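> fold the stuff below for me.
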Amino acid sequence: MSAGQDAPGGAFEIRQLRPTHESLGLLVAFLSATRPFSEFRSRVLVRALQQQLERRHHVCLTRDGRFAGYCGWLLTSREIGDRWLRDEGELSSVADDLADVVACTIVFCPDRRDVLPLIRQARARNPGRLAIFRRDRAQGDRKSAVRNMRFGA
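Residues are numbered from 1 along each chain as shown. Here you go, the predicted model:
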């Protein structure tokens, strides 16, 4: 768990959730209230969140005990990640000890100020891995694909 302070939103905490049905339900309620997640098939969203909880591949930002942001990722290989960024293949996971890429797949923060602390924490939990993600607008069109620098060990 980490804590921080930013102006003017006040103090926040970043933590991982235990892989429980309650945690899954809270995340589904938080994410599905807003597009694009409200448009997802429940099976797809729930399975992705379930895997992120079970593998500890996520962080949540809370303010005053309430969800204010979520970042979940999938560990993969450079080859798979490159194909995904070019829209030439599906993103799939590899074993944690074989992964050299972290793909942020679900990132949601109603307040844009909260995105950077979540991404920093995701980076800190994945030292030595290349970070990739695709930005999608709420309208559903893809904005950009980003390859990020490697994290320090």
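> show me how far the longest strand along the chain is from its chain's centre.
Ordering each strand of the chain by length in residues (DSSP state E) puts strand 66-76 first. Strand 66-76 has its C-alpha centroid displaced from the chain centroid by 3 Å (C-alpha atoms, centre = their mean, to the nearest Å).
> next one: stretch 123-130
Counting by C-alpha atoms, centre = their mean, stretch 123-130 is centred 13 Å from the centre of its parent chain.
> quick one: buried residues of that stretch?
Under the neighbour-count criterion of 16 or more other C-beta atoms under 10 Å, stretch 123-130 has Arg123, Arg125, Asn126, Arg129, Leu130 buried. C-beta coordinates here come from the backbone N, C-alpha and C atoms, glycine included.
> on that earlier part again, right, and the helix or strand after the longest strand of the chain?
helix 78-85 (DSSP states H and E).
> what's that following helix in contact with?
By C-beta atoms under 8 Å, 6 or more residues apart in numbering, the residues outside helix 78-85 that reach it are 76, 89-92, 94, 100-101, 103, 130, 132, 134, 145, 147.
> least confident secondary structure element in this structure?
The helix or strand with the lowest mean pLDDT-type score in the chain, counting by mean pLDDT, DSSP states H and E, is strand 142-147 (a mean of 46).
> hang on, the earlier thing: farthest-separated two in the buried residues of stretch 123-130?
The most widely separated members of those are Arg125 and Leu130, with 14.2 Å between them, by C-beta to C-beta.
> which regions of this structure lie under the pLDDT threshold?
1-10, 136-153 (pLDDT under 70).
> looking at it, which helix is longest?
If you go by DSSP state H, the chain has its longest helix at helix 42-55.
> just the CA atoms of that helix, as PDB, please.
What follows is helix 42-55, C-alpha atoms only, in PDB (Å, rounded to 0.1, in the frame of the first residue of the first chain):
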ATOM      1  CA  SER A  42     -20.200  -8.800 -18.600                       C
ATOM      2  CA  ARG A  43     -18.400 -12.100 -19.200                       C
ATOM      3  CA  VAL A  44     -15.400 -10.200 -20.700                       C
ATOM      4  CA  LEU A  45     -15.200  -7.600 -18.000                       C
ATOM      5  CA  VAL A  46     -15.700  -9.900 -15.100                       C
ATOM      6  CA  ARG A  47     -13.200 -12.500 -16.300                       C
ATOM      7  CA  ALA A  48     -10.500  -9.800 -16.900                       C
ATOM      8  CA  LEU A  49     -11.100  -8.400 -13.400                       C
ATOM      9  CA  GLN A  50     -11.100 -11.800 -11.800                       C
ATOM     10  CA  GLN A  51      -7.800 -12.700 -13.400                       C
ATOM     11  CA  GLN A  52      -6.300  -9.400 -12.400                       C
ATOM     12  CA  LEU A  53      -7.400  -9.900  -8.800                       C
ATOM     13  CA  GLU A  54      -6.200 -13.500  -8.600                       C
ATOM     14  CA  ARG A  55      -2.800 -12.700 -10.100                       C
END
